[in-house]
Structures are given as structure tokens and as C-alpha cells.
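Trainee: Could you look at this predicted model? Sequence included:
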Amino acid sequence: MGARDFVLAGLLAVASAPPPPAKVPAGVILVKGAWSSASDSTTPVPEAGKVTARDYHSDYFQLTYPFIEGWQQKFAGPPPSDRGYYVLAQVEPVGEHSGSVLIDAQDLFFTATPAANAVELVSYTASHLRADYKVEHPPTEVTMAGRHFARLDYVSPVTDLHWTVLTTQMRCHAVQFTLTSPDPTVIEQLIAGMQGMKWGDNGPLCVKDYKKVLNRVDPILTDRRFNSIPVRVVIDTSGKVKFIHFISSFPEQARSITEALQQWRFEPYVSNGKAVEVETGILFGVQPNR
Amino acid sequence: MSRIQQPAAFAVGLLLISAASAQTDPGVRAGAVNGQAAATATSPLPLASVTANTPQGVLEFFADGLDRFQEVDNVSGGTGGTGLGPRFNFNQCAACHSQPTFGGSSPANNPEAAVISAGIVSAGTNSIPSFITANGPTREARFPFFFNANGTANTAAPNGGVEDLYTVSGRADAGACSLPQPSFASAAAANNLIFRIPTPVFGAGLVENIDDSTLLNNQSAQGGSGLGISGTFNRNGNDGTIARFGWKAQNKSLQLFAGEAYNVEMGITNEVFPQDRPLPGEEVLGNGLPANCLNLAKKGYPEDITNFAATTGSDQFATNASIPSDVVAFSMFMKLLAPPTPSPTTPGGATSISHGSAVFNSIGCSVCHTPTINSTQASNVTPSLGNAPVNAFSDFEIHHMGTGLNDNVSQGNAGGDQFRTAPLWGVGQRIFFLHDGRTGNLLTAIRAHSSNGSEANAVVSNFNSLSAASQQDVLNFLRSL
């Protein structure tokens, strides 16, 4: 019996009892579709925030959001989408369900919404709310924890569920807190809790469509996937690609694109007369519908 | 706990029990099949223009397709069709696609559990797998991963192909073909076993006739931001257009869907899938099927072909509809089937259903379960398929559904946890839910949408924020569909 036959014997019923099998781990997604990945595991990325019993922390956004007493994350969110949309955290009461906080982020380099910044994004949301909702307070600018947010309040008259959306901009992302509850006083508590947030602001400069490419090598995508592959890169002061973040790609696509991007050369980005690191977005694959 | 605290805790416990049981799935909606007075359990309705026989002759194709959908296949000889096996899940389309009528999903009485008593398989060579039960869902089985030589699952080697439940071995019409069943018990012990139930195909022609641009525009208008939702489409690897049939939207067209099912579920080779199909392990790691299990129908390949003899006007093939192969007839049947008609009043009354519909929209269910996609392309088949709204309650995108529903099977661009938004039209008369039929309770199915990595977590959270009365209205609304 050859090696192949041994494998087949494992597949098919045989007279002798098979050895005890090791189990496929339950609750683990082992076979992934397009997923996020990066050229190293130490540079922070948006989806790698940490949720503890007390708070959500993102090294990428340099954000710490403290949960209000008795609220925790029940389930982690999905992977980033091929349009650069992230679910960063979702928090609910541990006991009786009285609402939720969804923290998400939209990469403004790849958004499908015609909005160049967080304020425009919230305005677009307000003007495109479906008929199921009624705006309670139109978009306004507010300051929370020392940071500017665009705030929108709306309600579902049918369910009496209230939404307050607070959106700010970080590293060319619209970072959004969606507070939902049937009880407006719960939302007020959640807003008060947001005053305890901490923010840093030390990431590289982000520049949309930085196209000063001196040397460009196109990747060879061998499989016909027809997907969008949004990629964020950090370009160092010499114009080389220092870090690659695949927001959504298949592994073989990430390998081909990495190989190509390592050969790209950009004109160094100059700010105040000095070359600085810059973060930009590049879309490979197919153009998404916008 | 102090004695003083005990009554309070007891009271809280009672409240929780009360809240948990306050809303219930009304169950399979009674009354007209598919909400259509003229439909019966064996006679689903075609589209209106097909009933009107427009264009001339189309009704004959529908009737012929329905007839062939019920054909019982043998391996060789006998009455009915031939070509069954060498491996299969059942010997007739309609047996598994039969709730609430032909073209539907799993029936209450599982025909796969009766294959020995019905003489479809030999008890000497086949046994009923433990996950096939008399009143459970009809299922196909898959092993997400290949096995190592020592019987352990090799999680570095994804498999995911269908492992047919039964073999023709031991049947009088199967000659000397001797094949064992897959070792489902070992696979279950290794947690390397997942299931799929039949998808209903009512209204499938409307779905097939939606232009890609319509689906893409619907995606752009969805507004899933703020709800954690951001789906994508599974695309056909040949031309890049949107695939839309099957649990993971892996099939581009109804003909492909039919051809694959005829080959994979029944073992019948056809003009779309012309070779007899070994199991994934036999194909990838072995030498395919043994010679004495090939050409069992003794008529060459493919077993299902265009009926050339029909052109001679013989008695057997006397009509236009009888010329195409079974696969074409199946796809025509599916294409021409009417979608279910929702009930305006049952269950719970019109007010509850109407309110449930509004709540369904408000909490975000309708972002993915898009009630209506407007509209189909002009149709060159029959007028009812053209420029028509598609009230399927689906966006036909694939979404991450998290670890709870993940089956570790990749199909096309869909990963293990990505599934097509299941169309909800007709859900009121379905018995089993979710891709593997794990539950018959809609409330359980809704809550199963929530787990680590799911795009539906925020929406389920909104559902959980509702009063028991509003949740009941949502359940009533769903059972009205």
C-alpha cells in the first residue's frame, strides 16, 4: 500500500478501527476568503485593536475608548472589507440589553460614499437616511475629549430605537461611534462616557492618491478573482515602500503585489522643506462600484 | 447568597424565563401552498406569462421540466431514467426539493433516511449516516479538510467537496461496482464534517435575470456603515460577472446549478459535467473511480444528453420540450417557476405583519435581506421574467457570518464564513433554516447570525433591543413570506 492509499484509507470506511482523529478546532475560521494581512506583524493596523473588559485600544489610531460600567464586547467584528470598511469593536451591556456601541472606521481612500472627510460622510448619511428613520438633530460639530466630531441623531419611529452617530477623522479614516438604544438617557450616558477617551496623533502623514511614482512595477495577478484589493502603504523618506497593509486580498495576491511594491520608487514627500514618511492608498484588482 | 436575596433572584429568573419565551416562531404557515390557491404539494405554479403560454409553447417546457424533476433514476435499465451513481445522495430531484411543493427545500419526512427500506441502496453495502434522520433535514455532507494518513484532519489541506452519502454497490443494476461509503463517523469524530440543505428555487428565473449593474447599484445604496455590514459579490471565474446561486453564490446560472446538482447529488453525468465524479479524496489523492464503476448505465457518456431522436417525431420524443437534455429541462423548470406569494394576514394578522415588516427594515435586517430589487432585465424567455421586481429579500452578496456559521468550505471567492444572503421569499413555509438545516426555529436562526466575525452582530443586537411584541411581529412577518 502506497502513501496515497494510506490517505484514501483514512477517507473511506475500513474494517479496522481508525486511530483517534485530532479534531478540527471549533469556532475557528481556517479557510478564509479575501482577508487582511501586512508586510510585518509589528506595525499597527486598524483591525488589530485590542478589546479588554474595560476598554478598546487601537495602536493605529492611538485611541483608547473606556467602556461604561457593565458594558463589554460580546462578539468581535468581521475582517476589513474590500471597500476599506472596518468594524473595530462592538460593545453591549452584559445584563439586560439596553443598547450598543459600534465603533467602525471607513478608510477615506477607498470609500464608496462620495465623501472626502468625516463631516461630508455624516452629511451624506443624514441626507440619505432611509424612510424608516427620522432625523432628530441634523449634523453638528461637537468637541469630545478634545477632538472634533460630527454628530447626527436619528430615530426609528416604528421601533423607538435611537441612534447617535459621532464621527471623527484619523489618518484619513472616518472613525465612527454609533450609539443605539431605545432609551435616550442610555445614549446620553454613553456620550458622557466618551469624554474619557484618549487620543494620540503621531501617525505618518496621510495623502490620498500620492501619485509621484518614479518607478512602477505592476503585479502579476495570476488567478482571475475579479476582486478589489485596497492596499495602504507607508513610504519612507527615501521614497521606498516601508510597510504594506492589505486591507482585503487573497494570499497569492498579497505575495504578487508585495513583490511588485518592493520595486516601486516614489518621489519623497516633502513637508515644510523636509522629506517625511507618508501613508497613501493604492487600489489593485478591479475598481469597485461607486 | 443571603436568604433575603433569594426571592429577588428567583423573581429575576422568572422574568428572564418569561422574556425568553414571550416571542415564538409561529411555525410553518398553514394554508395555500406558496400562498397560491392553485398550487398543490406536487404542482407548483409557473410564472403568470408561462401560465398564459407566452410565448407559444413555453408552458409545455415548464410541464416537461416539472415532470423530469420528478423522474426517478436507476443505475441502468428499468423504467425511468438511468445513470444514477456510482455515488449519490438521492435518486430524484423532487424528493429533496419538495417543501412546500416541488422546487422547494427539505421536507418533513427525510427521503434520505428511507433509502434502504425503499430499495434505493443495498443494506449490505450502505448504512444511514447518523446525521440523516427520519424527520431531520435532507443533507449533503462535506469534509472541509482532507485527512492525514493516520486519520486526523489535515487543516493545511482544504477539501470542501461533496461526500455523497450512498453508493450503488450491491444494487442489482450496478454490476460488480464496489465502493465504500465515506467514513462519516470518523469525519464527525474529527469535527471535519459539515452539511448543506437544498436551496429552494422558486422565482429563480427572476434572480437569474437581474443585470449585474442592478445588483451593484443596490450594493452602493445599502448604507451598511453604522451597522457593521459590508458585503461583496462572488464572481464567476470565467467572465468575472456576479454568480448568484447556491449557499455561497458559487453558481453563475441555473443551467450550471442544475448540471452540477445532477452530477454531484445524483451521480448523473451530463452536458455540463460530463465525467462520473469520484469523491474529492479519490480524485485529488487517488486514481479516480475503479473501472468497474464506470459506464454503469452502459450507454456511454454523458448519461444525460440532448434527445436527438426527438427530431424524428418518435412517440417517445414527440414534443419540442422533450428535445433538450434533462439538465436544460431542470433549468427551464426553475427559470419558469413563480416566486411564492406572501400572506397579508397569516400569521398574527395584517397589523402585526405590517409592523413586523417595518421593524425588519428599521433594525437593519433589510440592508442585506433587501426586500425588493428593481428590476430584472428585459427577458427573451417570457414576459414575466422581464422588467420585474424581485421580492427575494436578498442582496445576493456574500457576507461574513462569523465563527458560528463558518463551515470552512471555500467556493469561488467565498471563504469559510462567507454566505450568500439567503433569499427569504417562501421562508414562511420552510421547515429547516440556515445552510446546514441546524434549526427549524426562526428565532434560533436569527440569533445564530451573531458570533465572532459576523457582519450581522449589530443588527442582531438591534433585534435584541426590541420589545417582545416587536420581535413577535418580526417573526410573524417572516412567516408571512
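Mentor: Right, received. Where do you want to start?

Trainee: Pull the contacting residues for A:Pro78.
Mentor: A:Val87, B:Gly228, B:Ser230, B:His399, B:His400, B:Gly402, B:Gly453, B:Ser454, B:Glu455 (CB atoms under 8 Å, 6 or more residues apart in numbering or on different chains). No exception for glycine: its C-beta is placed from N, CA and C like everyone else's.

Trainee: do the same with A:Thr222
Mentor: By CB under 8 Å, 6+ apart, the contact set of A:Thr222 is A:Glu252, A:Ser256.

Trainee: Now do the domain split for chain B, please.
Mentor: Chain B breaks down by automatic domain parsing into domains covering B:10-39+B:202-251+B:343-480, B:52-199+B:252-336.

Trainee: I'd like these as CSV, with mean neighbour count appended.
Mentor: Below are the domains of chain B laid out as CSV (neighbours: other CB atoms under 10 Å in any protein chain shown):
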stretch, mean neighbour count
domain B:10-39+B:202-251+B:343-480, 21
domain B:52-199+B:252-336, 20
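
Trainee: Specify the local secondary structure of the residue sitting nearest the centre point of chain A.
Mentor: Using CA atoms, centre = their mean, the residue of chain A that lies closest to the mean C-alpha position is A:Tyr86, 2.4 Å off. Three-state call for A:Tyr86 (DSSP: H, G, I helix; E, B strand; the rest coil): strand.

Trainee: before we move on, the earlier item: which pair of the contacts of A:Pro78 spans the longest distance?
Mentor: Across the contacts of A:Pro78, the longest distance by CB to CB is 13.9 Å; it joins B:Ser230 and B:Gly402.

Trainee: Find residues that contact each of those two.
Mentor: Taking CB under 8 Å, 6+ apart as the criterion, B:Ser230 and B:Gly402 both touch A:Pro78, B:Glu455.

Trainee: what's the nearest residue to B:Gln454 if we skip its chain neighbours?
Mentor: One thing to correct before we go on: residue B:454 is Ser, not Gln. B:Gly402 (3.0 Å; CB to CB, 6 or more residues apart in numbering or on different chains).

Trainee: buried ones in stretch A:29-39?
Mentor: Buried positions in stretch A:29-39, judged by neighbour count with 16 or more other CB atoms under 10 Å in any protein chain shown: A:Ile29, A:Leu30, A:Val31, A:Lys32, A:Gly33, A:Ala34, A:Trp35, A:Ser36, A:Ser37, A:Ala38, A:Ser39.

Trainee: what do you get for stretch A:156-169?
Mentor: Here stretch A:156-169 shows A:156, A:158-169 as buried, counting by 16+ other CB under 10 Å.

Trainee: where in the chain is pLDDT low?
Mentor: In the absence of a named chain, chain A is used. Residues of chain A meeting the criterion pLDDT under 70: A:1-21, A:289-290.

Trainee: right idea, wrong chain: chain B
Mentor: B:1-21, B:224-225, B:310-318.

Trainee: now, which of the buried residues of stretch A:29-39 lie close to chain B?
Mentor: Taking CB under 8 Å from any CB of the partner chain as the test, chain B is in contact with A:Ile29, A:Leu30, A:Val31, A:Lys32, A:Gly33, A:Ala34, A:Trp35 out of the buried residues of stretch A:29-39.

Trainee: taking those one by one, which sit in strands?
Mentor: A:Trp35 (DSSP state E).

Trainee: and which of the ones next to chain B among the buried residues of stretch A:29-39 is nearest chain B?
Mentor: Set against chain B, the nearest of these by CB to the nearest CB is A:Gly33 (2.7 Å).

Trainee: Helix, strand, or coil at A:Val135?
Mentor: Under three-state DSSP, the three-state class of A:Val135 is strand.

Trainee: Any idea how many residues pack against the nearest residue in space to it that is not next to it in sequence?
Mentor: Ranked by CB to CB, 6+ apart and with sequence neighbours excluded, the top spatial neighbour of A:Val135 is A:Tyr154, at 4.9 Å. The number of residues packed near A:Tyr154 is 19, by other CB atoms under 10 Å in any protein chain shown.

Trainee: On the C-terminal side of the helix or strand where A:Tyr154 lies, identify the next helix or strand.
Mentor: For A:Tyr154, the enclosing helix or strand under DSSP states H and E is strand A:147-156. As assigned by DSSP H and E, the chain's next helix or strand after strand A:147-156 is strand A:161-170.

Trainee: how about the residues of the stretch 51-200 of chain A that lie near chain B?
Mentor: Proximity of the stretch 51-200 of chain A to chain B (CB under 8 Å from any CB) is limited to residues A:74-79, A:81-83, A:85, A:87, A:90, A:92, A:97-100, A:102, A:104, A:106, A:112-113, A:125, A:128, A:130, A:132-133, A:156, A:158-159, A:161, A:163, A:165, A:176, A:178, A:180-182.
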